[in-house]
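Asks: need a structure here:
(one chain, ligands or ions: 1)
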Amino acid sequence: MLSILQLFRIGLGPSSSHTVGPMRIARRFVASLAEARKLGDVSRIGIALQGSLALTGVGHGSVDACVLGLMGWEPEAIDPDAVPALLAQAGKGSIRLMGQHPVAFSPARDIALACDIIPELHPNGMRLKAFGQREALLADETWYSTGGGFIASARQLATPSADDLVPSLVRAPYPYASGAELLSLCGSHDLDIAALVLANEGSWRPEAETLAGIDRLLDAMFACIERGLAQEGCLPGGLRVRRRAPEMWRKLTANPTNETEVLLDRLNLFAMAVNEENAAGGRVVTAPTNGAAGIIPAVLRQYCHEGPQAREQARRFLLTASGIGLLYKQRASISGAEMGCQGEVGVACSMAAAGLAAVWGGTPQQVAAAAEIGMEHNLGLTCDPVGGLVQIPCIERNAIGAVKAVNAARLALHSHEMPKVSLDQVIETMRQTGIDMSAKYKETSLGGLAVNVAAC
Ligand code: SF4
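Replies: The predicted model follows:
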């Protein structure tokens, strides 16, 4: 079983697959050279970004992410405010690999956008080479950024071993590979989904450490909203998209009303605050991806942020949401480059609906129904970011996704019948739809809004 602390990661905007993943891959590549005591022999590094990483990599920050990774930075640890100075340093013609070994380096020369290579194993490919004296090849590896900040080697994708899927040291007490198995385990052990997931996490680490990790995620999500509500101005990238969350928040707090629709305003602006931060390269939590990072925090902020039970409810929300998210990750994909936006915003909506249904006291069956509804009405959602930037339609799409998640939870809690569509069926439908979807709509910016809206 994957862990909640793998599914949700604190990272850097604007993209988990195109920023967080490439940074982790680049760092891992140079770290393994250091482990093999070859780092000192390196005189040149060459990286080829392939497929979707090449097609939308510039707008999604992949090139900069590679540079930072080569310098030894990890997405969790880097201070977003320090990034411009670090990149300016790298622009001067050399970098220190792992912060230690200096090599001549120019992003324009040494990081190629191989748009013509569409890898078979996964559309987000990255080939990295290290050369020594007289161009001797020291290392040549191909890695893939598989969505949500996850990475995999060519070998892991081509021939996944049992230990790649279930690390030998981590044996969960309640392993499940489908929604049906999850519900059956809940029934036979009289557990709700959050309790079952927490018990499984016990095979990774002591419970107190898991809860502390969840609290760090929650704090990062709420901090991201607060920062997004306070930052003004235009987002980077050339589309001149103005941040809207701060103004909406000011209007709302200056003129409190009892209108029911204020709920929509709050969900909208909390989600947009996160995604505007994400687009600006700020610190966000992959939930389960950066592009869809606003939905879960927005619903959490609205329903699990205040009052004596708030932290306990928020933990319950996140544990439940991760129990559902793991199913999407393991049975389909959470990568926009593989599934389109249904795999990002659709999955986040499904996870948020499940979390909220659990907080509202839903049975495991109702929670699964909420997750199913959250995805059912996002099926077929394409990924077509204008200008290759995670701004249009991504920011508003998170606002709509947050509202839809709340509605899905309401619908599920009002139903006491067996749903006609199961969670497993909708996940499989998403997977098949993703496979059938034209590559134009899978994080390539070659179709949809990306070609019909002028990127200027
Ligand atoms: S359209 Fe959806 S999947 Fe594509 S970049 Fe935006 S949020 Fe991610």
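
Asks: rest of the way, CA atoms for contacts and neighbours
Replies: OK.

Asks: just give the number of residues close to Glu120.
Replies: Neighbour count of Glu120, defined by other C-alpha atoms under 10 Å: 10.

Asks: assumed it was part of a strand.
Replies: No. Applying DSSP: H, G, I helix; E, B strand; the rest coil, one finds Glu120 to be coil, outside a strand.

Asks: what's the distance between it and Asp140?
Replies: Going from Glu120 to Asp140 by C-alpha to C-alpha, to the nearest Å gives 18 Å.

Asks: ok, now Pro119?
Replies: 16 Å.

Asks: what does Phe105 give?
Replies: Taking C-alpha to C-alpha, one finds Phe105 at 18 Å from Asp140.

Asks: compare these two (neighbour count), which wins?
Replies: Remark: of Phe105 and Asp140, Phe105 carries more neighbours, 21 against 13, as counted by other C-alpha under 10 Å.

Asks: hang on, isn't the more buried one packed against Gln89?
Replies: No. Using C-alpha atoms under 8 Å, Phe105 makes no contact with Gln89, being 10.8 Å away.

Asks: okay, and the common contacts of the two?
Replies: Ile95 (C-alpha atoms under 8 Å, 6 or more residues apart in numbering).

Asks: CA atoms only for the lengthiest helix in the chain - export them in PDB, please.
Replies: Longest helix of the chain, by residue count under DSSP state H: helix 207-230. What follows is helix 207-230 as a C-alpha-only set of coordinates in PDB (Å, rounded to 0.1, in the frame of the first residue of the first chain):
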ATOM      1  CA  GLU A 207       0.900   6.500  14.800                       C
ATOM      2  CA  ALA A 208       2.100   9.700  16.400                       C
ATOM      3  CA  GLU A 209       4.500  10.300  13.500                       C
ATOM      4  CA  THR A 210       1.700   9.800  11.000                       C
ATOM      5  CA  LEU A 211      -0.500  12.200  12.700                       C
ATOM      6  CA  ALA A 212       2.300  14.800  13.000                       C
ATOM      7  CA  GLY A 213       2.900  14.300   9.200                       C
ATOM      8  CA  ILE A 214      -0.800  14.900   8.500                       C
ATOM      9  CA  ASP A 215      -0.800  18.000  10.700                       C
ATOM     10  CA  ARG A 216       2.200  19.300   8.700                       C
ATOM     11  CA  LEU A 217       0.200  18.800   5.500                       C
ATOM     12  CA  LEU A 218      -2.800  20.500   6.900                       C
ATOM     13  CA  ASP A 219      -0.700  23.500   8.100                       C
ATOM     14  CA  ALA A 220       0.900  23.800   4.700                       C
ATOM     15  CA  MET A 221      -2.500  23.700   3.000                       C
ATOM     16  CA  PHE A 222      -4.000  26.400   5.300                       C
ATOM     17  CA  ALA A 223      -0.800  28.500   5.000                       C
ATOM     18  CA  CYS A 224      -1.100  28.400   1.300                       C
ATOM     19  CA  ILE A 225      -4.600  29.700   1.400                       C
ATOM     20  CA  GLU A 226      -3.700  32.500   3.700                       C
ATOM     21  CA  ARG A 227      -0.800  33.500   1.500                       C
ATOM     22  CA  GLY A 228      -2.900  33.300  -1.600                       C
ATOM     23  CA  LEU A 229      -5.500  35.600   0.000                       C
ATOM     24  CA  ALA A 230      -2.900  38.200   0.600                       C
END
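
Asks: buried sites along it?
Replies: Using 16 or more other C-alpha atoms under 10 Å as the test for burial, helix 207-230 gives 210-211, 213-215, 217-218, 220-222, 224-229.

Asks: farthest pair in those?
Replies: Thr210 and Leu229 (29.0 Å; C-alpha to C-alpha).

Asks: which ones are touching the closest residue to Arg283 other than its chain neighbours?
Replies: Of all residues not flanking Arg283 in the chain, Leu12 sits nearest, at 4.8 Å (C-alpha to C-alpha, 6 or more residues apart in numbering). By C-alpha under 8 Å, 6+ apart, Leu12 lies in contact with Thr19, Val20, Pro75, Glu76, Ile78, Pro80, Asn278, Gly281, Gly282, Arg283, Val284, Val285.

Asks: ok, the fourth one touching Gly13?
Replies: No. Counting by C-alpha under 8 Å, Glu76 stays clear of Gly13, with 11.1 Å between them.

Asks: could you confirm Ala112 falls within a strand?
Replies: Yes. Under three-state DSSP, Ala112 sits within a strand.

Asks: any idea which helix or strand comes after the least confident helix or strand in the chain by mean pLDDT?
Replies: When the helices and strands of the chain are compared on mean pLDDT, DSSP states H and E, helix 162-165 comes out lowest with a mean of 49. Scanning forward in sequence from helix 162-165 by DSSP states H and E, the next helix or strand is helix 179-189.

Asks: any buried residues in that following helix, and which?
Replies: Gly179, Leu182, Leu183, Leu185, Cys186.

Asks: rewinding a little: could you report the pLDDT at the residue nearest to Arg283?
Replies: With respect to pLDDT, Leu12 scores 94.

Asks: relative to Asp436, how far out is it?
Replies: Distance of Leu12 to Asp436, computed by C-alpha to C-alpha: 31 Å.

Asks: neighbour count: Glu76 and Gly13, which is higher?
Replies: For Glu76 and Gly13, the more surrounded residue by other C-alpha under 10 Å is Gly13, and the numbers stand at 32 against 15.

Asks: and the stretch 301-450 of the chain, which residues reach the ligand?
Replies: Neighbours of the ligand within the stretch 301-450 of the chain, by C-alpha under 6 Å from any ligand atom: Gly336, Gly340, Cys341, Glu344, Val345, Cys383, Asp384, Pro385, Val390, Pro393, Cys394, Glu443.

Asks: list the contacts for the first one?
Replies: By C-alpha under 8 Å, 6+ apart, the residues touching Gly336 are Gly147, Gln342, Gly343, Glu344, Cys383, Lys442, Glu443.

Asks: from the residues you listed, which land in strands?
Replies: The strands, defined by DSSP state E, take in Gly147 from the contacts of Gly336.

Asks: looking at the contacts of Gly336, which one is closest to Ala254?
Replies: Closest to Ala254, out of all of those and judged by C-alpha to C-alpha, is Glu344, at 33.9 Å.

Asks: and the residue of the stretch 51-200 of the chain closest to the ligand?
Replies: His60 (8.3 Å; C-alpha to the nearest ligand atom).

Asks: that residue: what's it in contact with?
Replies: The contact partners of His60, by C-alpha under 8 Å, 6+ apart, come to Pro14, Ser15, His18, Thr19, Gly388, Leu389, Val390.

Asks: pLDDT below threshold where in the stretch 51-200 of the chain?
Replies: Applying pLDDT under 70 to the stretch 51-200 of the chain flags the ranges 160-170.

Asks: now the helices for it?
Replies: For the stretch 51-200 of the chain, the helices defined by DSSP state H, counting those that start in this stretch cover 52-55, 62-70, 83-90, 107-110, 154-158, 162-165, 179-189, 193-201.
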